[in-house]
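Engineer: Curious how this folds, go ahead:
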Amino acid sequence: MLQKKEKFQEFISTKAIYFPSAEIYSNNFAGFYEYGPLGQKIKLNIIDFWRKEFVQKNDFLEISGSLILPKSVFEASGHLKKFDDPIASCSKCKQVFKLDKLLSETTNQEVHENLTIEDYEKIIRENNITCTLCNSPLEKITRFNLMSSINVGVTEGSTGYLRGETCQSIFVDFLRVYKTSRKTLPIGICQHGKVYRNEISPRQGLLRCREFEQLECELFFNPKKIDDVDLSNILENKIRFRLLKDTEEKEYSIKEIIDSKIVSGKLLVYYLDILQKFLLGLGFSLKNIRFRETDDKEKAFYSKQTFDLEILSENTWVELFSFNYRTDYDLLCHSKGSKKDLSVSEDGDKFVPHVLEIASIGLDRLFYLLLENNFIIKEINQEPRNILSLKPKVAPYFVAVLPLVKKDGLLEKSQEIYSHLKNMSFDVFFDEKGSIGKRYARLDESGCCFCLTVDHQTLEDNTVTIRDRDTFEQKRVAIKDLKEKLFSFYK
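Structural biologist: Below is the predicted model:
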């Protein structure tokens, strides 16, 4: 029998959830992916969930910035100097390796990506590390910038760059948004959109792409008011951490976090709690979530304090995003680069706002981890059954309408119910092909939450059978009560 990982990859392929871009061409580029119809529906539902449950409920503002920005923006932000990865080449076969990944795998110890060249050379020398393909010595140990340049217009030298992250638009647009929104700090500004990184070896599917989407949120606040947050009604809430001082994951109450000064201020605690609730609502289990505290060597150069939100995937913790207290680094950089004053005046005080990077979520990575975490294999009549157990708000189909047979008026009755449900704005699927058992199995694997079966009793008493994807329980419900019943399930 195939293991879960193999079954999951088979499911991704056979359902065309996502697949390599231009895959019919042998010279297609690695790190670019297309989403099939089922995958696209799930992805759009995730975006919609983020927008409604995270952006709107927290009164954040949302913008849409340009994919291409001038060179001067990325000079000011530091991307052209520090947005890079360590690499090494084989002296014989010329294979290029992402060095921190190569060293981590060969030494069985975590090697960070922001060490000095001298540090990497020392590790290579002490561990006698060579090319994994031909065992030849490594050479050209350097850092490779991940930004992709583009010439804008017909005049040579008019250089722009495809953005490597969505946050720079938020920083350079901050003052305009602040003044026109008529809001006072703290202000959260969000953005969803594509970004591009010239990755060295994108070999992990959606976990490491050259083109991907981000769900970004940056909070601007007065640093003097970092503790001006009322947490009294959530003091007993618990957040799951892996702190530097701990040997394993541990849940800390909000009160413990404040009293122990685990984070730099109450404002950070408040949004850590919101992030965890968002991920739980999306469909992750608490045991598969942790905020891992990073040490000074690992965190970004602009960050005062960093927690990496990690998701457990196939017994390995995978970083989904970083929670960074960026201080005033970004606005000061762009103020200097643009020669524009990006300070604000509030309560008689003029200051440059500090920035809390609440979340810069890779949407494609989130998509993969959510599906992998909710892919279940159950034994049904001694046969393995694939079930994609997504929550209703992100599942590709909420309900399917299935005529038991295509005769005796059942097909027409089913089509009538199908049209009725579509008018309620539910994601509805119609399937009349194959045995009812095979249709159930197909829909379970596709993530459809409920199946409505129209049978001969339907014609007698106007009831249908509702079948639950996760429990397989079936109940008869009057058609006139369907709307109320289904809305009660739509959580």
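Engineer: which residue ranges form the strands in the stretch 51-200 of the chain?
Structural biologist: Along the stretch 51-200 of the chain, counting by DSSP state E, counting those that start in this stretch, strands occupy 61-63, 68-70, 84-90, 96-98, 138-145, 148-151, 159-162, 187-196.
Engineer: Sheet-wise, list the partners of the first one with their directions.
Structural biologist: In this case it means strand 61-63. Strands that pair with strand 61-63, judged by DSSP bridges, come out as strand 187-196 (parallel).
Engineer: Identify each buried residue in the strand it pairs with, please.
Structural biologist: Ile187, Gly188, Ile189, Cys190, Gln191, His192, Gly193, Val195, Tyr196 (16 or more other Cβ atoms under 10 Å). For the C-beta atoms, the positions are set from N, CA and C on the backbone; glycine is no exception.
Engineer: phi, psi of the residue lying closest to His456 once chain neighbours are set aside?
Structural biologist: Leaving aside its chain neighbours, His456 sits nearest to Asp408 (6.6 Å; criterion: Cβ to Cβ, 6 or more residues apart in numbering). In terms of degrees, to the nearest 10, the main-chain angles of Asp408 are phi 60, psi 20.
Engineer: Thr184 against Pro353, yeah?
Structural biologist: No: Thr184 sits out of contact with Pro353 when judged by Cβ atoms under 8 Å, with a separation of 11.0 Å.
Engineer: Residues that sit against both of the two, list them.
Structural biologist: Contact criterion Cβ atoms under 8 Å, 6 or more residues apart in numbering; residues shared by Thr184 and Pro353: none found.
Engineer: circling back: got a markdown table for the buried residues of strand 187-196, with distance to Thr166 and pLDDT too?
Structural biologist: Output for the buried residues of strand 187-196, formatted as a markdown table (distance: Cβ to Cβ, whole Å; pLDDT from 0 to 100):
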| residue | distance to Thr166 | pLDDT |
| --- | --- | --- |
| Ile187 | 17 | 98 |
| Gly188 | 14 | 98 |
| Ile189 | 10 | 98 |
| Cys190 | 9 | 98 |
| Gln191 | 5 | 98 |
| His192 | 8 | 98 |
| Gly193 | 5 | 97 |
| Val195 | 6 | 97 |
| Tyr196 | 11 | 96 |
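Engineer: and which of the residues you listed is nearest Gln457?
Structural biologist: Minimum distance to Gln457 across the buried residues of strand 187-196 is 46.1 Å, recorded for His192 (Cβ to Cβ).
Engineer: any idea how far Leu279 is from that closest one?
Structural biologist: According to Cβ to Cβ, to the nearest Å, His192 and Leu279 sit 17 Å apart.
Engineer: May I ask you to name the longest helix in the protein?
Structural biologist: Scanning the chain for the longest helix, with DSSP state H as the assignment, gives helix 266-282.
Engineer: Tell me what angle it forms with strand 187-196.
Structural biologist: Helix 266-282 and strand 187-196 meet at an angle of 60 degrees, taking axes from the mean of the first three to the mean of the last three Cα atoms, to 10 degrees as the criterion.
Engineer: what's the following helix or strand after helix 266-282?
Structural biologist: strand 289-293 (DSSP states H and E).
Engineer: So which residues make contact with the host helix or strand of Leu366?
Structural biologist: Under the criterion DSSP H and E, the helix or strand holding Leu366 is helix 363-373. For helix 363-373, the external contacting residues (Cβ under 8 Å, 6+ apart) are 8, 12, 17-18, 33, 39, 42-43, 46-47, 192, 205-207, 209, 212-215, 282-285, 288, 311-314, 318, 320, 388, 390, 394.
Engineer: what's the answer for stretch 113-120, then?
Structural biologist: For stretch 113-120, the surrounding residues in contact (Cβ under 8 Å, 6+ apart) are 85-86, 88, 99-100, 103, 111, 141-143, 297-298, 301.
Engineer: Domain map for the chain?
Structural biologist: Here the domain parsing of the chain from automatic domain parsing is 4-78+148-223+278-373, 84-145, 397-489.
Engineer: For the ones you listed, which has the smallest mean pLDDT value?
Structural biologist: When the domains of the chain are compared on mean pLDDT, domain 84-145 scores lowest, with a mean of 91.
Engineer: From one end of that one to the other, what's the distance?
Structural biologist: Terminal residues of domain 84-145 lie 4 Å apart, using Cα to Cα, to the nearest Å.
Engineer: now do stretch 322-332
Structural biologist: Stretch 322-332 has an end-to-end distance of 21 Å (Cα to Cα).
Engineer: And for stretch 224-242?
Structural biologist: One end of stretch 224-242 to the other measures 28 Å (Cα to Cα).
Engineer: and it, average pLDDT?
Structural biologist: For stretch 224-242, the per-residue pLDDT averages 97.
Engineer: helices and strands around whichever helix or strand comes after the helix holding Leu366, which ones?
Structural biologist: With elements assigned by DSSP H and E, the helix or strand that comes after helix 363-373 is strand 375-380. Strand 375-380 sits against helix 4-14, strand 383-388, with contacts defined as 3 or more Cβ pairs under 8 Å, 6 or more residues apart in numbering; DSSP states H and E.
Engineer: In a markdown table, list those along with distance to Ile436 and mean neighbour count.
Structural biologist: As requested, these are arranged in a markdown table below (distance: least, Cβ to Cβ, whole Å; neighbours: other Cβ atoms under 10 Å):
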| stretch | distance to Ile436 | mean neighbour count |
| --- | --- | --- |
| helix 4-14 | 21 | 14 |
| strand 383-388 | 15 | 16 |
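Engineer: Just put those in JSON lines and tack on distance to Cys449.
Structural biologist: Formatted as JSON lines, the helices and strands packed on strand 375-380 follow (distance: least, Cβ to Cβ, whole Å):
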{"stretch": "helix 4-14", "distance to Cys449": "17"}
{"stretch": "strand 383-388", "distance to Cys449": "10"}
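Engineer: Could you say which one of those comes nearest to Val477?
Structural biologist: strand 383-388 (22.4 Å).
Engineer: Give me the sheet partners of the next helix-or-strand element following the closest one and which way each runs.
Structural biologist: Counting by DSSP H and E, the next helix or strand C-terminal to strand 383-388 is strand 399-403. Strand 399-403 sits in its sheet next to strand 428-430 (parallel), strand 450-454 (parallel), going by DSSP bridges.
Engineer: Now tell me what touches the next helix or strand after the shortest one from outside.
Structural biologist: Scanning forward in sequence from strand 428-430, with DSSP H and E defining helices and strands, the next element found is helix 436-446. Around helix 436-446, the neighbours that count as contacts under Cβ under 8 Å, 6+ apart are 11, 15, 38, 385-388, 396-397, 400, 402, 404, 429, 431, 433-434, 451, 453, 467, 469.
Engineer: Turn the domains of the chain into JSON lines, columns for distance to Ser232.
Structural biologist: As requested, the domains of the chain are exported to JSON lines (distance: least, Cβ to Cβ, whole Å):
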{"stretch": "domain 4-78+148-223+278-373", "distance to Ser232": "18"}
{"stretch": "domain 84-145", "distance to Ser232": "39"}
{"stretch": "domain 397-489", "distance to Ser232": "32"}
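Engineer: that older thread, what's the closest of the contacts of stretch 113-120 to Glu23?
Structural biologist: Asp85 (26.0 Å).
Engineer: closest one to Val263 among the domains of the chain?
Structural biologist: Short answer: domain 4-78+148-223+278-373, nearest of these by Cβ to Cβ, at 6.6 Å.
Engineer: circling back: most packed of the strands paired with strand 399-403?
Structural biologist: strand 450-454 (a mean of 23; mean count of other Cβ atoms under 10 Å).
Engineer: list the buried ones in whatever helix or strand comes next after that strand?
Structural biologist: Using DSSP H and E, the helix or strand that follows strand 450-454 in sequence is helix 456-461. For helix 456-461, a neighbour-count test (16+ other Cβ under 10 Å) marks Thr458 as buried.
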